[in-house]
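Novice: this is the structure alone, sequence omitted:
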């Protein structure tokens, strides 16, 4: 007997929910050697093996079974991982539903500026699910795991499902903003801005770090070893870089 608060469907839930990130981490490496070592450090910290562990955790958080994993490290830098998933069915020893409709992917892009000493690490992440599992459950975990300075996040609901009366449903849960699913600690840490298109079931949130300590952004250096003038110059560079990446355009 169906629970009274659940919508009875003609078949399984065929709505696709996709959560997409551009996540940026910013750093300052003064010399060419330091910038090279920064890229090496990022490639070691976020190689295909570690990315696989992170995405496997995501699958566990949202309640999905992993069907297949493809991963690759690249030369000179970067890595990619893709997980094919299925919905976990309670009370069964195995699953065979949504075999080719749910996935998680991540691609990394370490990068350095040739002159200023600025360096950045970008990760593009997509979590797409069908059925009752929701990618929004992994939202906070992914933001915290990549220690992000900037997060550009999209949540899109596609397709429809049909109830037993034949009526189409284009959204299977309530949502007004991605921010509703952020933890309190993340909301306190970031400035968040929404650009939502409700009639298209498209939700867009941009976030940037509110405050930063210079030591957290210096690679192989300490702020106390720099002059006041040099510290202020680097802070201005970092702030400008964060604003450009956040706004997605060059700022004079």
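Specialist: Thanks, I have the structure now. Keep in mind that what you see is a predicted model, and the values were worked out from it rather than measured.

Novice: show me where pLDDT drops low in the stretch 151-252 of the chain?
Specialist: For the stretch 151-252 of the chain, the stretches flagged by pLDDT under 70 are 164.

Novice: wait, is residue 65 part of a helix?
Specialist: No. Per DSSP: H, G, I helix; E, B strand; the rest coil, residue 65 lies outside any helix segment and is strand.

Novice: per-residue pLDDT, it?
Specialist: Per-residue confidence for residue 65 comes out at a pLDDT of 86.

Novice: for the helix ranked longest in the chain, give me every contacting residue.
Specialist: In the chain, ranked by residue count with DSSP state H as the criterion, the top helix is helix 228-247. The contact list for helix 228-247 (Cβ atoms under 8 Å, 6 or more residues apart in numbering) reads 24, 26, 28, 116-118, 120, 149-150, 152, 206, 208-209, 212, 214, 217-218, 223, 226, 250-251. No exception for glycine: its C-beta is placed from N, CA and C like everyone else's.

Novice: got a ChimeraX select line for the buried ones in the residues you listed?
Specialist: A single ChimeraX command selects the buried members of the contacts of helix 228-247 (16 or more other Cβ atoms under 10 Å):
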select :24,26,28,117,118,120,149,150,152,206,208,209,214,217,218,223,226
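
Novice: which ones among the contacts of helix 228-247 lie within strands?
Specialist: 24, 26, 28, 118, 120, 150, 152, 206, 208-209 (DSSP state E).

Novice: for these, work out which two are farthest apart.
Specialist: Greatest spacing in the ones in strands among the contacts of helix 228-247, by Cβ to Cβ: 28 and 206 (22.7 Å).

Novice: what about the helices in the protein?
Specialist: 32-45, 48-62, 139-145, 184-189, 228-247.
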